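*Asks:* When you get a sec, could you give me coordinates for this:
(chains A, B and C)
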Amino acid sequence: MTVVGMTGDEAVAYAVKQGKVDVVAAYPITPQTIMVERFSKYVADGEVETEYVCVESEHSALSACVGASLTGARVFTATASQGLALMHEMLYIASGLRCPIVMGVANRALSAPINIHGDHSDMMGSRDSGWIQIYVENAQEAYDWTIQAFKIAEDKDVQLPVSVNLDGFILSHSLEGVDVLEDAVVSRFLQLRKPLFTLDPDKPITVGALCLPDYYFEFKRQQVEAMLNVPRVLGKVNKEYGSVTGRSYGVLDTFGMEDAQAAIICLGSTAGTAREVARKLRAQGKKVGVVKLWLYRPFPTEEVSAALKHVKALAVFDRAIGFGAPYGALCSDVVSALHGLEVSPKIFNVIYGLGGRDIQPSDIEFVFNETLEAARTGVVKEDTMFLGVRE
Amino acid sequence: MTLEEKKPGWKSLLMGAVVVEPGSSLRYKTGDWRAFRPLVEKEKCVNCLFCWIYCPDAAIVRREKWVEVNYDYCKGCGICAKECPKEAIRMVEEQK
Amino acid sequence: MVTLKELSTEELFASGHRLCAGCGEGIINRMTLKALRGPTVIVAATGCNEVASTIYPYTSWRLPWVHVAFENAAAVASGIETAYKAMAKRGAWSKHVDVIAMAGDGGTYDIGIQALSGAMERGHDFLYICVDNEAYMNTGIQRSGATPRGADTTTSPAGNVILGKPEWKKDLIGICAAHGIEYVATASPAYWNDFITKVRKGIEVNGPAVIDVLSPCPLGWRHDSSLSVQLVRLAVETRYFPVYEVEKGKYKLNINVVKPKPVEEFLKAQGRFAHLFKPTYRKDVIDEIQQNVDDNWNRIQKLTTQS
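*Replies:* Residues are numbered from 1 along each chain as shown, chains lettered A, B, ... in the order given. You can find the predicted model right below:
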């Protein structure tokens, strides 16, 4: 095991380098650019056998990836924000055609106004596309999850594309120490892709047929089933990865939840800040905890419910707005997950960090105190708190 | 939803709507689309094969010295009759 | 050049598809598949061809066939071509597979032009056949960049004030030739030998090749289904649709129409131009179209002598 200084983007590129990926077709967009640039250098230096296609748009990037994936190749692409939005129709097609593509997304705010910094609006805008969605807290997780993503995607009970999400600039461009595996170890873990179907002239198949109302529904139901298989497959892959690396993963991670009265649940790098604040507050005797979700889609309802059911009050952090919705995306999902409980925690939504607006430990401490207050009084002051916006 | 045909459910259908039987459309006879049917006069046919190459439905069958029509699929478009240099094909109204 | 008897009797595009009676795409598919040299994959864009030939669980295709979306046939073909290369590198694939993308004029001239341009610029080894019936036929005959001046379509209808599509047809061959690819050509299925030879030529090119083949549409052009082949012959005979190729930048007229018929004959034969004749005979528009046909022919002639 070697620790190398890498940014989040570089960590993803390095994982792809080791992952014996056959084809990468990608289009640059800030803040994903480092992923494709670093990878281009690997190709130019002959460090990988991967065929790299500099496509002319993100829509073509995912189109080329779908073509390559259907042919039987292991495929990777990466994008962010507007690029993800541009390939929106292709996201549904990739999952509908059951292509196990892995995509790195350096989450960035969606225009307008144009903003190149980190928030989750891009992937949240495509959360229903049938992709498995994983959010990472740091560069280490970006590396580890990218490797695992291929194995989860290609499992015969899954066969769905995966997006590995890392906060734009905050993770994509920050230098951290990443414990990387040896090439041989990754090769042994990943093995070559064994596609269920290929475009083999000796076994001609038709892919992408028109399904009229008498068939479409059944294929969508199949996708639902595949999604339902994900937690089991993910657990299996995590376990195997754990035995190789000593790092354990799952659908979510908790801190201080054994006795927490007030908790924060969030995605991405904010979890790290929240954990540090929680550590400090717990030392003061305050019963606070943090739930970090790794797997966002499929939403791990059972695990989330189990982790949160005994807290008195909960702040759900959303780094994106769902305009016109009662809550942000994550909060809506959490509320749904908990709605069957006899006694549900008091919940309020915290919209924060939009367009890369910084979130400070002091902000999180403020939220913890508000949550503790709600736990004590049983009253939520405001359903939705916009944290960090100037009035 | 029709109950005459028992269509397979999601559990047994192949993933992703992939069709593994090449040319399965042969099970679908488009011959009943016809309003007119082509009749080939074998004596006039010189086996030039223009009708064969121009048929959109591959409904002209090549025999040793002449052509025949595959009425299972012929849609009666009339291209064969129009293109035949010997006027060996004529279109007649389809019988009910 | 081949003889009809030499062509394979194998029908890789099987009967039982639901293209309209007399549809040019059926003819074009069959001709294309007679020109193959070995294992081939077809990548189709959304359109009549794709929709009518693959209504689940039926498929008319007897070779690997992929449809992904409307505007990305060239991008998908790029991915497939690359994947075969990559998989061959690690020994997972041993034979060469030719990739042929087939898209309509909608998926090529308009929404698909970006993907085609990118694929040409990157130099992928594939043949791109634009099945050109001069409008978005599958969705109900709406105008495309390939629709000719004066044609009546549902989004460029012949009305009291505007008489059909005001704009001229886009020069796809010029656009493709400007990318510097080795082979670009037009074709008409009425000239089966020329078309089949061109398909084979396009396949054999090591790099991108594009063929724009005129496809008659009885419904959209409004003519009797039996006249499909005759009309795309007339299109050539009137110089409305010149059949030429650009090979390594060199222009060559494949069918030299010495004594052209007046384009009016071509227009008169189709319902989509009927408004140019009734209730008023619009000599002004017809003359304009004739002038454009003549200018275009002269332009191509000049390019052939300049090459």
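*Asks:* When you work out contacts or count neighbours from here on, use the C-alpha atoms and nothing else.
*Replies:* Fine.
*Asks:* C:Val2: neighbour count?
*Replies:* C:Val2 has 12 neighbouring residues, counting by other Cα atoms under 10 Å in any protein chain shown.
*Asks:* burial of the residue nearest to A:Leu341 when sequence neighbours are not counted, as a residue count?
*Replies:* Spatial nearest neighbour of A:Leu341, excluding adjacent residues (Cα to Cα, 6 or more residues apart in numbering or on different chains): A:Lys309 at 7.4 Å. A:Lys309: 17 surrounding residues under other Cα under 10 Å.
*Asks:* Give me the pLDDT for A:Lys309.
*Replies:* For A:Lys309, the model assigns a pLDDT of 89.
*Asks:* likewise A:Tyr352?
*Replies:* 98.
*Asks:* where's it relative to chain B, distance?
*Replies:* Using Cα to the nearest Cα, to the nearest Å, A:Tyr352 is found at 39 Å from chain B.
*Asks:* what does chain A have sitting close to chain B?
*Replies:* Within chain A, the positions near chain B by Cα under 8 Å from any Cα of the partner chain are A:96-98, A:203-209, A:211, A:214, A:218-219, A:221-222.
*Asks:* Show me these that map onto strands.
*Replies:* Using DSSP state E, A:206-207 are the members of the residues of chain A next to chain B that sit in strands.
*Asks:* What subset of the residues of chain A next to chain B is buried?
*Replies:* Neighbour counting by 16 or more other Cα atoms under 10 Å in any protein chain shown classes A:96-98, A:204-209, A:211, A:218-219, A:222 among those as buried.
*Asks:* A:Lys346 is in contact with the residue nearest to A:Leu341, correct?
*Replies:* No. Between A:Lys309 and A:Lys346 there is no contact under Cα atoms under 8 Å: 10.5 Å.
*Asks:* show me where chain B has strands.
*Replies:* Under DSSP E, chain B gives strands at B:36-40, B:60-62, B:67-69, B:89-93.
*Asks:* among those strands, which is nearest C:Asn29?
*Replies:* strand B:60-62 (15.3 Å; Cα to Cα).
*Asks:* Buried residues in that closest one, which are they?
*Replies:* Within strand B:60-62, judged by 16+ other Cα under 10 Å, the buried ones are B:60, B:62.
*Asks:* what does that strand contact?
*Replies:* B:49, B:51-52, B:67-70, C:9 (Cα atoms under 8 Å, 6 or more residues apart in numbering or on different chains).
*Asks:* how about stretch A:125-135 against chain C, any contact?
*Replies:* No. Stretch A:125-135 is not in contact with chain C by Cα under 8 Å from any Cα; minimum separation 15.6 Å.
*Asks:* ok, and what's touching that stretch?
*Replies:* A:85, A:88, A:91-92, A:95-96, A:145, A:160-166, A:223, A:227, A:267-268, A:293-298.
*Asks:* can you map out the helices along chain B?
*Replies:* B:50-54, B:79-83 (DSSP state H).
*Asks:* Kindly report the same for the stretch 201-307 of chain C.
*Replies:* Assigned by DSSP state H, counting those that start in this stretch, the stretch 201-307 of chain C shows helices spanning C:228-237, C:263-268, C:283-306.
*Asks:* Adding mean pLDDT and distance to A:Leu387, write the strands of chain B out as TSV.
*Replies:* Converted to TSV, these look like this (pLDDT from 0 to 100; distance: least, Cα to Cα, whole Å):
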stretch	mean pLDDT	distance to A:Leu387
strand B:36-40	97	74
strand B:60-62	96	73
strand B:67-69	96	76
strand B:89-93	97	78
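*Asks:* so can I have JSON lines of these showing distance to A:Val367?
*Replies:* Converted to JSON lines, the strands of chain B look like this (distance: least, Cα to Cα, whole Å):
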{"stretch": "strand B:36-40", "distance to A:Val367": "79"}
{"stretch": "strand B:60-62", "distance to A:Val367": "78"}
{"stretch": "strand B:67-69", "distance to A:Val367": "80"}
{"stretch": "strand B:89-93", "distance to A:Val367": "82"}
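*Asks:* number of nearby residues for the closest residue to B:Val61 other than its chain neighbours?
*Replies:* Among residues not flanking B:Val61 along the chain, B:Glu68 sits closest, at 5.1 Å (Cα to Cα, 6+ apart). For B:Glu68, the neighbour count with other Cα under 10 Å is 16.
*Asks:* so who does B:Glu68 touch?
*Replies:* Residues in contact with B:Glu68, defined by Cα under 8 Å, 6+ apart, are B:40, B:60-62.
*Asks:* again with A:Val237
*Replies:* So A:Val237 contacts A:148, A:151-152 (Cα under 8 Å, 6+ apart).
*Asks:* which one's the longest helix in chain A?
*Replies:* Max-length helix for chain A by DSSP H is helix A:216-245.
*Asks:* So for that one, what gets flagged as buried?
*Replies:* So for helix A:216-245, counting by 16+ other Cα under 10 Å, buried means A:218-220, A:222-223, A:226-228, A:230-231, A:233-235, A:237-239, A:241.
*Asks:* same question, stretch C:144-151
*Replies:* Quick answer for stretch C:144-151 (16+ other Cα under 10 Å): C:144-151.
*Asks:* Could you dump those residues into CSV and include distance to chain B?
*Replies:* Converted to CSV, those look like this (distance: Cα to the nearest Cα, whole Å):
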residue, distance to chain B
C:Ser144, 24
C:Gly145, 26
C:Ala146, 23
C:Thr147, 23
C:Pro148, 24
C:Arg149, 27
C:Gly150, 27
C:Ala151, 24
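*Asks:* Quick one: mark the members of the residues you listed that sit in helices.
*Replies:* Among the buried residues of stretch C:144-151, no member lies in helices (by DSSP H).
*Asks:* How about the residues of chain B by chain A?
*Replies:* Close to chain A, as judged by Cα under 8 Å from any Cα, chain B has residues B:1, B:9-11, B:13, B:15-22.
*Asks:* hmm, 10 Å instead?
*Replies:* B:1-2, B:7-23 (Cα under 10 Å from any Cα of the partner chain).
*Asks:* low-confidence ranges in the chain?
*Replies:* Unless you meant another one, I'm taking chain A. Within chain A, the ranges that satisfy pLDDT under 70 run A:1.
*Asks:* wrong chain, I was asking about chain B
*Replies:* B:1-5, B:96.
*Asks:* mind redoing it with 90?
*Replies:* Within chain B, the segments meeting pLDDT under 90 span B:1-6, B:64, B:95-96.
*Asks:* Now the terminal residues of stretch A:69-87, how far apart.
*Replies:* 16 Å (Cα to Cα, to the nearest Å).
*Asks:* And chain C, is that stretch touching that?
*Replies:* Yes. With Cα under 10 Å from any Cα as the criterion, chain C is reached by stretch A:69-87 at A:69-75.
*Asks:* who wins for neighbours among those?
*Replies:* Going by other Cα under 10 Å, A:Val75 tops those with 33 neighbours.
*Asks:* and the closest residue to that one other than its chain neighbours, what is it in contact with?
*Replies:* Leaving aside its sequence neighbours, A:Val75 sits nearest to A:Val23 (Cα to Cα, 6+ apart; 5.0 Å). For A:Val23, the contacting residues are A:49-53, A:64-65, A:68-69, A:73-77, C:79-80, C:82-87, by Cα atoms under 10 Å, 6 or more residues apart in numbering or on different chains.
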